[in-house]
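Visitor: mind folding the following:
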Amino acid sequence: ISGLLGSTRSLFWSVVMLGFVVYLFGIFFAQGVLSYITEGNKKEGALPRRDELLGYFGSIQDTMATMFAVISGGEDWMTVMSPLADISGFYSIAFITYIFVTTNGILHVIVGIFIESTMVASRNDKDLVI
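Guide: As a prediction, the model looks like this:
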C-alpha cells in the first residue's frame, strides 16, 4: 500500500503534464476548426462535415474531451482526423503528431515513472521489514 501511496506524487504531476499537452493541442485544433467554419460562413455554400467538426472541436471542452478520447481508446483517431483532413493536410500531420507524442512519448513515460516509483517504494518496504 505504501508503494502505491509513494507513487501518487509522480502520478499527479504526470497527469498534470498530460492535461497540459491535451490543452495545448486542443487550443490549436479548436482555433483552426473555428477559423475554418467562420471563413466558410462568409462564403456561399454549405461546409462539408460542419456538424461533425463542431461535434469534435466546437468548444475547448469538446476538443479536450475528443483529444483525450483518441489517446485513451474512447474514440477512433482516424474517425476524428478525417474531417480535419478536409480542412488541410497540415491538420492531419499535426493530429498524427499529437497521437504519436502522447501515446508513445507521454503515456509510456507516465507508465514507466509510475512503475519505477512503485518499485522504489516497495524496496523501501522490504528494507523496513528486514
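Visitor: buried residues in the longest helix along the chain?
Guide: Counting by DSSP state H, the longest helix found in the chain is helix 8-42. Neighbour-count burial for helix 8-42 flags 10, 14, 18, 21-22, 25-26, 28-30, 32-34, 36-37, 40 (criterion: 16 or more other CB atoms under 10 Å). For every residue, glycine as well, the C-beta is placed using N, CA and C.
Visitor: all helices of the chain, in order?
Guide: 2-6, 8-42, 50-57, 60-72, 77-87, 89-100, 108-129.
Visitor: got JSON lines for those, with mean pLDDT too?
Guide: As requested, the helices of the chain are exported to JSON lines (pLDDT from 0 to 100):
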{"stretch": "helix 2-6", "mean pLDDT": "62"}
{"stretch": "helix 8-42", "mean pLDDT": "89"}
{"stretch": "helix 50-57", "mean pLDDT": "93"}
{"stretch": "helix 60-72", "mean pLDDT": "95"}
{"stretch": "helix 77-87", "mean pLDDT": "93"}
{"stretch": "helix 89-100", "mean pLDDT": "94"}
{"stretch": "helix 108-129", "mean pLDDT": "72"}
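Visitor: next, the angle from the longest helix of the chain to helix 77-87.
Guide: Angle, helix 8-42 to helix 77-87, by axes from the mean of the first three to the mean of the last three CA atoms, to 10 degrees: 40 degrees.
Visitor: and helix 8-42 with helix 89-100, angle?
Guide: With the same axes, to 10 degrees applied, the angle from helix 8-42 to helix 89-100 works out at 170 degrees.
Visitor: helix 8-42 vs helix 108-129, what angle?
Guide: 170 degrees.
Visitor: for helix 8-42, which helices and strands make contact with it?
Guide: helix 50-57, helix 60-72, helix 77-87, helix 89-100, helix 108-129 (3 or more CB pairs under 8 Å, 6 or more residues apart in numbering; DSSP states H and E).
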